[in-house]
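1. Dropping a prediction and its sequence here:
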Amino acid sequence: MRIVVLEGGLSPERDVSKTSARLIANALLSRGHEVCVVDLYEGIEDDSDLDSLFRTGNSDPYTYTILETEPDLEAVIACHGGRRQWLGPRVIDICKTADTVFLGLHGAHGENGQVQALLDAYGIKYTGCDYMGCALAMDKDVSKMLVQGAGLRTAKWVTRPSDQIDFDSINKEIGMPCVIKPIGCGSSCGVSIVSTKEEFDKAISYANQYKQDILIEQFIKGREMTVGIVGDHVLPVIEIIPHEGFYDYKNKYQAGLTTHICPANLTKEQTQAAKDFAYSIFKILRMSSYGRIDIFFDEENDCFWFIEANNLPGMTNTSLVPDAAAVDGINYEELCERIAKESINR
Ligand SMILES: Nc1ncnc2c1ncn2[C@@H]1O[C@H](COP(=O)(O)OP(=O)(O)OP(=O)(O)O)[C@@H](O)[C@H]1O
Ligand SMILES: [Mg+2]
């Protein structure tokens, strides 16, 4: 197959995406496909012959090193003459020449459905959920409403514009500790767990940097877990144990800072309950192709809580879906190829 792998873009998860996308590209190359990696924002700035940009063979693998902190997007924009339009030159042109587009993107432009709708308009095939599944899963407020509406547990929450949030009213409505997050980010960008007014105020200004409404929810006391789904296949449950603090940006992408236990240490019944819970949420949110549902296991009450859904889950070497797939006997190359093939056969 001839495959364009889209990476980067103008999301705070730009670097995570470049890490995922290049590993995906290498996997597809090693499976004999013709591959070209293109940055959604940068595009192709010269008039190269598009066919000549595709590679075969894996003798010269793509690489990317992710830093401990999020990228400076203003610096990226400045390097491109101050252009703020998120779709780069010739991106659609090169996508049109491929059999499918593997979305190695993370964050708003990639997971909120806009890229999917754009590709649909051109009849270009792509991996992952359609625009509707993306839009529903990416908005943490909408996804929680739908999950709660279906009678499944999710932490009590409020969503507000940042100028309508004050500590006293949140303390009354939600209580402390609470979790503060922008409604539509990933990779823990903008997420804080707070207990005091001082921490609260700092967390609101941090979340506000992402210029979205802010979701504030009850802190769930429990064991953090996640469940990946590929097609109709539910992967083994992973328990996530960061060695320090919570599962933030640094703990997600710097090797050795978080332990994944897979399969999670749960009884057979609990494992089945976690898988059923995650799969129901995948369906409720109109997700398809592949994705990951983040949950907490509340041991005291022997039940699961929905945290949030990921429609283009991380594919880096510290990511969760590739780990769970490997435990199920699906190696990284096979996983990428399976996702790419599914996008063509849809
Ligand atoms: N209600 C909660 N109670 C306890 N911890 C939470 C809660 N919500 C989030 N967290 C912690 O914050 C982390 C990030 O939260 P969340 O998954 O909502 O953010 P995200 O940016 O969408 O993450 P990603 O897309 O990388 O999975 C979680 O992995 C978990 O460790
Ligand atoms: Mg998460």
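-> Received, thanks. Numbering: from 1, shown residues only. Ligands and ions are numbered 1, 2, ... in the order given.
2. what about the residue in the chain that ligand 1 sits nearest to, how many neighbours?
-> With Cβ to the nearest ligand atom as the measure, G186 is the residue of the chain nearest to ligand 1, at 3.0 Å. C-beta here means a position set from N, CA and C on the backbone, and glycine is covered the same way. For G186, the neighbour count with other Cβ atoms under 10 Å is 28.
3. isn't it right next to E13, touching?
-> Yes - using Cβ atoms under 8 Å, G186 is in contact with E13, at 5.6 Å.
4. returning to that earlier point: need the three-state assignment for the residue of the chain closest to ligand 1.
-> State at G186, reduced to three classes by DSSP: H, G, I helix; E, B strand; the rest coil: coil.
5. Which residues are in contact with S17?
-> E7, G8, G9, S11, G104, L105, H106, G107, G110 (Cβ atoms under 8 Å, 6 or more residues apart in numbering).
6. ok, of those, which one's closest to L73?
-> Among these, S11 lies closest to L73 (Cβ to Cβ), at 8.0 Å.
7. Just the element for that closest one, please.
-> Counting by DSSP states H and E, there is no helix or strand that carries S11.
8. okay but it is in contact with L105, surely?
-> Yes - between S11 and L105 there is a contact under Cβ under 8 Å: 7.4 Å.
9. Which residue ranges of the stretch 101-250 of the chain form helices?
-> According to DSSP state H, counting those that start in this stretch, the stretch 101-250 of the chain carries its helices in the segments 108-111, 114-121, 131-138, 140-149, 167-173, 197-208, 249-253.
10. Dump the C-alpha coordinates for the fifth one into PDB.
-> Listed in PDB are the C-alpha atoms of helix 167-173, where the atom choice follows Å, rounded to 0.1, in the frame of the first residue of the first chain:
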ATOM      1  CA  PHE A 167     -12.500  28.300  44.400                       C
ATOM      2  CA  ASP A 168     -15.300  28.600  46.900                       C
ATOM      3  CA  SER A 169     -18.100  27.600  44.600                       C
ATOM      4  CA  ILE A 170     -16.100  24.600  43.200                       C
ATOM      5  CA  ASN A 171     -15.200  23.600  46.700                       C
ATOM      6  CA  LYS A 172     -18.900  23.500  47.500                       C
ATOM      7  CA  GLU A 173     -20.000  21.700  44.300                       C
END
